[in-house]
Structure formats: structure tokens, C-alpha cells
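Student: Okay, predicted coordinates and the sequence, questions at the end:
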Amino acid sequence: MKAAVLHKVGNPLCIEDVPIPQIGPDDVLVETKACGICRTDLHIYDGLAYIPQLPHILGHEPAGIVVEVGQNVSGFETGQRVVPHLFFTCGNCYYCRVGSDAQCANLIGLLGVLNDGAFAEYFVAPAENLFVLPKQISFEVGGLSSCAAITAIHAIRRTRLGPNDTAVIVGSGGIGQILVQILRASGVNIVATSRTQGKLETAKKLGADLALQPDHPDTLKQIKEFAGGDGVQCVFDCVGTSTTMKASAEYVMRGGQIVVIGEEPEFPEIDTIQIAQRELEIIGTRNGSRQDIDDVIGMLAAGIINPPIAKTFPLEEVNQALDLMRIGGVNGRIVITVQ
Ligand SMILES: [Zn+2]
Ligand SMILES: [Zn+2]
């Protein structure tokens with residue numbers, strides 16, 4: 001099969017022929033139709049996080065069609081449209097039992113990160129990690145369930161947000177745009193920030209009440225006025241730099257929550273006086289549970305989430321797609337399509 005293979009960290013992916021992966025008795029072989037690109041792909045590519053064994057096939061936002069099922073598998077048949085849950089978990093540890101799949105203490109695999117992913121014509125996943133993708137959801141959009149969309153719903157569930165609360169979304173890219181749509185449907189008032197004018201316009205279209213440039217001198221004042229004076233109940237930092245964390249701490253009200261979604265190798269100084277005296281909560285979040293992915297598939301099917309696809313590239317042009325992701329400013333998800 002054709003695959004985009006990472007042989008050396010920092011080097012372009014090589015488009016080459018590799019054997020179709022073998023499935024075990026509990027696995028399913030899926031023919032890839034589409035696979036989204038995520039900043040984590042760049043982090044792996046750059047050697048900043050999750051160093052996999054090389055050579056490695058990236059790609060962790062896939063959707064495709066079942067082509068072969070293992071001998072123990074029931075409930076799936078060839079021809080079905082599916083998307084994966086990325087974390088292959090033990091199912092028995094404390095974290096699995098409480099639904100924190102991404103924290104599994106005995107993680108067995110992680111599609112596209114520890115295991116070969118879907119920048120390839122086929123990928124393998126355990127049957128228990130696959131979810132049926134309803135017909136009304138395109139492969140390009142459905143693939144986003146496993147990372148962008150599941151991360152958004154899980155992040156919201158880590159908060160206390162309720163109807164008529166106000167949230168700021170810092171960084172209105174792929175995950176930020178899905179956050180806007182789910183929060184809108186939940187009755188939360190929304191401020192989106194981005195340095196990119198096009199993303200601000202999209203955030204407004206998707207349901208943000210205010211869309212603001214973070215560097216504008218009036219931004220903090222406008223956010224506080226919009227939220228009723230003291231700041232917002234919750235900030236989602238989808239960027240994760242020192243600058244955005246500092247801004248998040250300014251936007252949030254006393255007793256408010258800052259949810260850290262974006263990850264960058266930066267180590268902002270933490271003001272413990274502010275955290276203690278204003279009773280702030282800083283909350284990490286990572287991917288989500290099987291229930292989270294099942295719920296986002298439902299929301300995609302119902303049209304509650306309809307994430308914009310900025311651009312598609314064929315598998316052969318995956319390096320151009322990664323370059324575009326790196327430059328940033330792309331308004332929506334970049335998706336690889338596989339013939
Ligand atoms: Zn991702
Ligand atoms: Zn576990």
C-alpha cells in the first residue's frame with residue numbers, strides 16, 4: 001500500500017510502498033478515505049513530543065471503510081464506514097474505569113502516535129476502538145471525531161460551564177471552532193480571539209458573540225464589559241504559549257477556570273499569588289473517553305457540530321499540507337484524502 005513514512009525526525013515524509021498491515025484476531029483493517037492533520041503531527045515530526053519508533057506512519061484523524069475483520073470480531077462487517085477512538089486502553093485501571101481513557105496507566109497503543117496511523121491507504125485498530133460513522137457525515141469531517149471534536153467536548157465537560165455563563169476561546173482554529181459550536185448549542189456566551197481576521201469572521205459565523213484580536217489594546221476591557229465586569233467563568237487556551245496563558249489569567253473572573261488544550265514547549269511563570277488569592281483553577285485536558293467520541297459523532301450527525309474544512313490535499317502532497325499547517329493562519333482543518 002501507499003503510505004507517508006517518517007524515517008528521520010525533521011525530514012519530509014517519504015511516499016512509498018509498504019506492506020498492508022496484518023490484523024490480529026480482535027482487530028479490524030480499515031481502508032483510509034480521509035485523515036485530518038493536527039498540530040500534534042508537527043510535534044511528532046519535529047521530535048518535540050511523543051517520539052515514536054521509526055520508521056513511523058503519522059495520521060490520527062482518519063475515517064474509512066472496513067475491509068477485513070479479525071476472527072474474534074463481531075459487530076463489524078466489510079463496507080461499514082468507521083472512525084477510531086485513538087487510545088487503545090487496558091480497560092481495567094483506575095483511569096479506564098472512570099472514563100479517563102487518555103490517562104490509561106497501561107496504555108496498549110495510540111493510533112498514529114505510538115502505532116502506525118492513517119497517512120496510508122490502510123490502518124489497523126482494535127474493533128473495540130471503532131465507531132460507526134453515519135452516512136450523513138463526510139469522511140473528511142468524520143475523521144475529526146477522534147482528535148479535534150472529542151478534545152472539544154471533553155474539554156467542555158472538564159468545566160462547570162452552564163447556560164448564560166461566558167467563555168473565552170483563545171485561538172480559534174480547528175478545536176476552537178468546534179468549541180464555539182458546542183458552547184453555542186449549550187447556551188454559553190462566547191468570545192473568540194485570534195490573530196487571524198478570517199478565523200474571527202468564521203468564529204462569528206459559527207456562533208461567537210464577540211470575535212477579537214488578542215493584541216488590540218481594548219480587548220481585555222471589551223471582554224470584561226461583555227462578561228459583566230469581573231471577567232469570564234472559563235477560558236479555553238487552545239494555543240498554550242506563555243503569552244496566551246498570561247492573557248487567559250487576565251480574562252478569567254475570580255474563581256474561574258482556565259482549560260489548557262494547546263501544548264507548546266514553553267514554561268510560563270505561574271503567579272501563585274493570583275491563583276491563590278483569586279481562587280483560579282487551571283485544568284489540563286487531553287482527548288477524551290469512548291462516551292465523548294460517541295457523543296460527538298451524534299452531534300456531527302445532528303448538525304450541531306459542522307467543522308469547516310479549510311483545504312484538502314491528496315496523500316502524495318502530505319508534506320505540503322504539513323508545511324501549510326506550520327505556517328498557520330489556515331481557517332479550519334487541513335485534511336488528507338486517500339484514493
Ligand atoms: Zn490531534
Ligand atoms: Zn487503563
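Tutor: Yes, it's here. Ligands and ions are numbered 1, 2, ... in the order given.
Student: what about stretch 126-139, near ligand 2?
Tutor: No. Stretch 126-139 stays clear of ligand 2 (C-beta under 5 Å from the ion), getting no nearer than 12.7 Å. Glycine gets a C-beta too; all of them are placed from N, C-alpha and C.
Student: ok, the most centrally placed residue in the chain - contacts?
Tutor: Closest residue to the average C-alpha location of the chain: Ala148 at 2.4 Å, with C-alpha atoms, centre = their mean. Contacts for Ala148 (C-beta atoms under 8 Å, 6 or more residues apart in numbering) come out as 36, 38, 61, 174-175, 178, 307, 333.
Student: Ala3 now?
Tutor: Residues in contact with Ala3 (C-beta under 8 Å, 6+ apart) are 15-18, 57, 116, 119-121.
Student: and the residue sitting furthest away from the middle of the chain, backbone torsions?
Tutor: Largest separation from the mean C-alpha position in the chain: Gln277, at 32.7 Å (C-alpha atoms, centre = their mean). Here is the backbone geometry of Gln277 (degrees, to the nearest 10): phi -70, psi -30.
Student: before we move on, the earlier item: could you flag which of the contacts of Ala3 are buried?
Tutor: Burial by neighbour count, 16 or more other C-beta atoms under 10 Å: within the contacts of Ala3 this picks out 15, 18, 57, 116, 119-121.
Student: what's the closest of those residues to ligand 1?
Tutor: Ligand 1 has its nearest neighbour among those in Phe119, at 12.8 Å by C-beta to the ion.
Student: Next up, the contacts around that closest one.
Tutor: 3-4, 13, 35, 57-59, 112, 315, 318, 336.
Student: repeat that for 10 Å
Tutor: With contacts defined as C-beta atoms under 10 Å, 6 or more residues apart in numbering, the neighbours of Phe119 are 2-6, 13, 15, 32, 35, 37, 41, 56-60, 62, 112, 315, 318, 321-322, 336, 338.
Student: again, but for Phe131
Tutor: Applying C-beta under 10 Å, 6+ apart, we find Phe131 in contact with 81-85, 142, 145-146, 290, 293-294, 296-297.
Student: Just those: which are in helices?
Tutor: 142, 290, 293-294, 296-297 (DSSP state H).
Student: so which pair among the residues you listed is furthest apart in space?
Tutor: Using C-beta to C-beta, the ones in helices among the contacts of Phe131 span at most 16.3 Å, a distance reached by Gly142 and Arg290.
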